[in-house]
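Asks: sequence unavailable; structure follows:
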């Protein structure tokens, strides 16, 4: 064989290996936007779907429309222990593959969770947390994870920066090793200044992250979140980002009122983005309460009146 042909054979062999690696990793290729080729999954077990099934008339139609929008599934250890969370994530991952979609989950069980607001207070101890994340990781290859809403945004005010970044670093590494795209939560545009948030993200470890998420469970406008995300990304340019647009149709409420503020509206529906923006998503399920405030039930409970109010403010009706 000539030297030229031998060289060509080596190139072909190397390319074949690279193709095999991509196939084996599938959708978890670190340089790929997971939403570029698959829409987010609609969860038939969502609280909105259950509410629609028990409603009637115009309310049923509006709730069914909300349930039909792809929305993230929140994983909380108080509701799902290690065995249960593994089963739940396995089911979501299998359904996503069958429907050629991508499941989006929110990992929400870090120690001293919601240390500032206390509406969702709880979480696991450090050892229990890592074991719980491991169960999610082992079950969820090909899933997208939003990692710990508010954990970094409250880290300084709660005096937990070192503990939080260490826990999140280990969690992100575990998820990454199991082929899960991970976006660590980065608060929102009116919380932590971009440079400080970038420092916290870098302490978590950009090498194990696809990117970061903004406005999770928030109400800030798309325009403000885009500006904020771009400012954070300017400090950590390897990362991409997703924005929660589920409840930001008319922007935030009164200053300081972040718990079921009245008069809010559904935002733009999930869509793939361009550039640094991987996607707009519905991460906090519209209709799930922020906490026992402004007439809402406990945090995470589905609130029919709240869901209908968000839809009405966005101009939704059963005939649309």
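Replies: Cool, got the structure. Just so you know, these numbers come straight off a predicted model, no measurement behind them.
Asks: for residue 317, give me the pLDDT.
Replies: For residue 317, the pLDDT comes out at 73.
Asks: go on, residue 256?
Replies: Reported pLDDT for residue 256: 86.
Asks: now it: how far from residue 113?
Replies: 21 Å (C-beta to C-beta, to the nearest Å). C-beta here means a position set from N, CA and C on the backbone, and glycine is covered the same way.
Asks: which of these two has more neighbours?
Replies: Neighbours were counted for residue 256 and for residue 113 using other C-beta atoms under 10 Å; residue 113 has more, 23 against 8.
Asks: quick one: contacts for residue 169?
Replies: Residue 169 sits next to 203, 204, 205, 208 when contact means C-beta atoms under 8 Å, 6 or more residues apart in numbering.
Asks: sort out for me which of those are in helices.
Replies: Under the assignment DSSP state H, the contacts of residue 169 contribute 203, 204 to helices.
Asks: just give me the closest of the contacts of residue 169 to residue 40.
Replies: Using C-beta to C-beta, residue 208 comes nearest to residue 40 of the contacts of residue 169, at 21.9 Å.
Asks: I figured the closest one was touching residue 178, is that so?
Replies: No. Using C-beta atoms under 8 Å, residue 208 makes no contact with residue 178, being 11.1 Å away.
Asks: specify the beta-bridge partners of the residue most central in space within the chain.
Replies: With distances taken as C-alpha atoms, centre = their mean, the residue of the chain nearest its centroid is residue 146 (3.2 Å). When assigned by DSSP bridges, residue 146 has beta-bridge partners residue 106, residue 183.
Asks: all helices of the protein, in order?
Replies: Using DSSP H, helices in the chain cover 3-25, 47-54, 57-67, 82-99, 126-139, 161-177, 194-204, 222-235, 304-313.
Asks: which one of the ones you listed lies closest to residue 288?
Replies: helix 47-54 (6.5 Å).
Asks: okay, the angle between the closest one and helix 304-313?
Replies: Angle, helix 47-54 to helix 304-313, by axes from the mean of the first three to the mean of the last three C-alpha atoms, to 10 degrees: 100 degrees.
Asks: which residues does helix 47-54 contact?
Replies: 43, 60, 63-64, 66-67, 71, 285-288, 302, 304, 307.
Asks: now, which of the residues you listed sits nearest residue 237?
Replies: residue 71 (29.6 Å).
Asks: residues contacting the nearest residue to that closest one once chain neighbours are set aside?
Replies: Leaving aside its sequence neighbours, residue 71 sits nearest to residue 282 (C-beta to C-beta, 6 or more residues apart in numbering; 4.4 Å). Taking C-beta under 8 Å, 6+ apart, we find residue 282 in contact with 69, 70, 71, 72, 244, 245, 246, 267, 269, 270.
Asks: count of neighbours near residue 37?
Replies: 11.
Asks: quick one: the closest residue in space to residue 77 that isn't next to it in sequence from residue 230, how far?
Replies: Closest residue in space to residue 77, ignoring its immediate chain neighbours: residue 109 at 4.1 Å, by C-beta to C-beta, 6+ apart. Going from residue 109 to residue 230 by C-beta to C-beta gives 30 Å.
Asks: more neighbours: which of these two?
Replies: Shown here are residue 109 and residue 230; by other C-beta under 10 Å, residue 109 has more neighbours (23 against 14).
Asks: mind checking pLDDT for that one?
Replies: pLDDT, residue 109: 96.
Asks: quick one: it and residue 126, what's the gap?
Replies: Taking C-beta to C-beta, one finds residue 109 at 11 Å from residue 126.
Asks: now swap in residue 253 and tell me
Replies: For residue 253, the distance to residue 126 - C-beta to C-beta - is 35 Å.
Asks: with residue 285 instead?
Replies: 28 Å.
Asks: repeat for residue 312
Replies: Taking C-beta to C-beta, one finds residue 312 at 43 Å from residue 126.
Asks: same thing with residue 316?
Replies: 43 Å.
Asks: neighbour count: those two, which is higher?
Replies: Legend: neighbour count by other C-beta under 10 Å for residue 316 and residue 126, higher for residue 316 (18 against 14).
Asks: give the buried residues for stretch 139-147.
Replies: 139, 140, 141, 142, 143, 144, 145, 146, 147 (16 or more other C-beta atoms under 10 Å).
Asks: over to stretch 254-263?
Replies: 258, 259, 260, 261.
Asks: residues making contact with it?
Replies: Under C-beta under 8 Å, 6+ apart, the answer for stretch 254-263 is 117, 119, 218-219, 250, 252-253, 289-291, 293-296, 303, 306, 309, 313.
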